[in-house]
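> Need a 3D model of the sequence below.
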Amino acid sequence: MSGSGSLEQMVLNGVFSTRFRLELINLLFSSCTFC
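Have a look, this model is predicted:
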């Protein structure tokens, strides 16, 4: 029961972490246009 729950949590965490990283890189590049 709790196994599938933890698996879903792991997948969600992975998706959110990757998306957060992409947005962070986007922010850095957009704010550093004159580098």
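> what's the helix or strand hosting residue 12 packed up against?
Element membership for residue 12 (DSSP states H and E) is helix 2-31. With contacts taken as 3 or more Cβ pairs under 8 Å, 6 or more residues apart in numbering; DSSP states H and E, helix 2-31 sits against no other helix or strand. Placement of C-beta: from N, CA and C, glycine included.
> Next, count neighbours for residue 12.
By other Cβ atoms under 10 Å, 10 other residues sit near residue 12.
> make that residue 26, sorry
Residues near residue 26, counting by other Cβ under 10 Å: 10.
> Just the CA atoms of stretch 12-19, as CSV, please.
Presented in CSV, the C-alpha positions along stretch 12-19 are these (Å, rounded to 0.1, in the frame of the first residue of the first chain):
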residue,chain,number,x,y,z
LEU,A,12,6.8,13.5,-8.5
ASN,A,13,9.9,14.7,-6.7
GLY,A,14,12.0,13.8,-9.7
VAL,A,15,9.7,15.7,-12.1
PHE,A,16,9.6,18.8,-9.9
SER,A,17,13.3,18.8,-9.3
THR,A,18,14.1,18.5,-13.0
ARG,A,19,11.5,21.2,-13.9
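> Can you point out the buried residues in it?
Residues of stretch 12-19 classed as buried by neighbour count (16 or more other Cβ atoms under 10 Å): none.
> For residue 22, give me its contacts.
Counting by Cβ atoms under 8 Å, 6 or more residues apart in numbering, residue 22 touches no other residue.
> Distance-wise, check it relative to residue 4.
Distance of residue 22 to residue 4, given as Cβ to Cβ, to the nearest Å: 27 Å.
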